[in-house]
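Student: Model the structure of this input:
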Amino acid sequence: MEVTHLIENIVNHIDAGLFLRDVSTKEAIYYSPGFFKIWEVEEVDWNEQTDSFLNFVHPDDKAQVETNHYKFMKSDTRRNEEYRIITPKNNEKWVWVRTFPVYNTQGDLYCQAGIIEDITYKKTVEKDLTSLTKSKDEMLRMLSHDLRSPLQSILGLTQLLEMETHSLNNQDLSKYIQLIKESCNFANNLMADLLDTHSLEEGKGELNLSETKLSKLLTESCHMFEQQAIKKNISLNLIIDAAHDSEMKLDATKIIQAVNNLLSNAIKFTARHGQVTVTLNDTSDYATICVKDSGIGIPTDKIPFLFDKFTKARRAGTSGEKTTGLGMSITKNIIDQHKGEISVESKVNEGTSFIIKLFK
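Tutor: Presented below is the predicted three-dimensional model:
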């Protein structure tokens, strides 16, 4: 078999694309089958103009690619670049392109050549790894900072109790025990939220669906938070209206976790003598749960980050209550798992409303 024919066979069976252009006429000499496969276009439909590929370059990358292309056409400089394209089938891809000069036996520039390769999978993996690394770094930061704080408090208080056992009265003992309990609860909640977040990210949080009465679920949730509301003299109300007997296929455990997160925040960020109201409305297509409070509200610039993991919107409650910064992210993940929607309406010093829409 001749070498030329052998090379042609190889080129025709590789996924990467090869292209050649005449330096004098700037016209195409050759495009390999792999080239058309990457661009998802038939050879007969390809525009032979030298800059036709620019029509498919992603708008955000086009200016840079266009500049580099015309530099390449005017020189014999090797170039490597990565950019996105949008194929005629409307698929977005990442491509790696190497362009280089080709000389004849006399040493004169004969043509300009290029190799193009689809690197979409590589870019996706890189993005996932970057996101995973960032997530792990954030978790380590939280563990080293937020978890250390309650543990140091527990250690300090137990050492104080050990040294002053004989001089402390019952009131002081109760105070220290309460502080230790609060620190333990925060550490426990932080670990629970981290585990929940990890499970959701790893796709291990599969739904266990069953017919569920939302009215019963919300009644149970409100009952769990009665004592917290009483401690702050907050009025906690549940309005079910005509949705008392409404049933939906839900993962009851996860939905109650989401509602509990919203109720916990509502009480946490509402001052003493405030009000928290949970409302359930039902239609033929969906049910709506609204958790509304008369609390301190959320600044407008913080709302876009509210559902982020380790959110920048995190802050202490009106009585100094701590927060892990993961609850809202977990809540949104749970609602997303149910193919539902969650939104927020808030004004500083006027209160906040979280609205969950669950479709039937």
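Student: And the residue nearest the centre of the chain, which helix or strand is it part of?
Tutor: Nearest residue to the geometric centre of the chain (CA atoms, centre = their mean): residue 308, 6.9 Å. Counting by DSSP states H and E, no helix or strand carries residue 308.
Student: Name the secondary structure element that contains the closest residue to it other than its chain neighbours.
Tutor: Spatial nearest neighbour of residue 308, excluding adjacent residues (CB to CB, 6 or more residues apart in numbering): residue 329 at 6.3 Å. From N, CA and C alone the C-beta is placed, and that goes for glycine too. Element membership of residue 329 [criterion: DSSP H and E] is helix 327-337.
Student: May I see the buried residues of that helix?
Tutor: Using 16 or more other CB atoms under 10 Å as the burial criterion, the residues of helix 327-337 that qualify are 327, 328, 329, 330, 331, 332, 333, 334, 335, 337.
Student: one step back: next one, pLDDT for the residue nearest to residue 308 please.
Tutor: pLDDT, residue 329: 83.
Student: pretty sure it is in contact with residue 309, am I right?
Tutor: Yes: if you go by CB atoms under 8 Å, residue 329 and residue 309 touch, sitting 4.3 Å apart.
Student: circling back to that earlier point, I'd like the distance from the helix holding residue 329 to the chain centre, please.
Tutor: 11 Å (CA atoms, centre = their mean, to the nearest Å).
Student: Can you name the next helix or strand after that helix?
Tutor: Later in the chain than helix 327-337, the nearest helix or strand by DSSP H and E is strand 341-347.
Student: got the buried residues for that next one?
Tutor: Buried residues in strand 341-347, defined by neighbour count with 16+ other CB under 10 Å: 342, 346.
Student: The helix or strand following that strand pairs with which strands, parallel or anti?
Tutor: Downstream of strand 341-347, the first helix or strand assigned by DSSP H and E is strand 351-359. Strand pairing for strand 351-359, using DSSP bridges, gives strand 286-293 (antiparallel), strand 341-347 (antiparallel).
Student: How much space separates the residue with the largest distance to the centre of the chain from residue 24?
Tutor: Ranked by distance from the centre of the chain (CA atoms, centre = their mean), the top residue is residue 106, with 57.4 Å. Here the criterion is CB to CB, to the nearest Å. By it, residue 106 lies 15 Å from residue 24.
Student: Check residue 210 too.
Tutor: According to CB to CB, residue 210 stands 74 Å off from residue 24.
Student: Which one of the two is surrounded by more residues?
Tutor: Neighbours per residue, other CB atoms under 10 Å: of residue 210 and residue 24, the larger number sits with residue 210, 12 against 9.
Student: so what's the more buried one bridging to?
Tutor: With DSSP bridges applied, residue 210 shows beta-bridge pairing to residue 250.
Student: ok, so what distance separates it from residue 330?
Tutor: Using CB to CB, residue 210 is found at 21 Å from residue 330.
Student: Compute the distance between the residue nearest to the centre of the chain and residue 259, please.
Tutor: Relative to residue 259, and taking CB to CB, residue 308 is found at 20 Å.
Student: now swap in residue 15 and tell me
Tutor: Residue 15 sits 50 Å away from residue 259, taking CB to CB as the criterion.
Student: which one of the two has more residues nearby?
Tutor: Under the criterion of other CB under 10 Å, the comparison of residue 15 against residue 259 puts residue 259 first, with 25 against 10.
Student: Now that one: phi and psi?
Tutor: phi -60, psi -40 (degrees, to the nearest 10).
Student: ok, and the closest non-adjacent residue to it?
Tutor: Closest residue in space to residue 259, ignoring its immediate chain neighbours: residue 221 at 4.7 Å, by CB to CB, 6+ apart.
Student: Unless I misread the structure, that neighbour falls within a helix.
Tutor: Yes: when classified by DSSP: H, G, I helix; E, B strand; the rest coil, residue 221 is found to be part of a helix.
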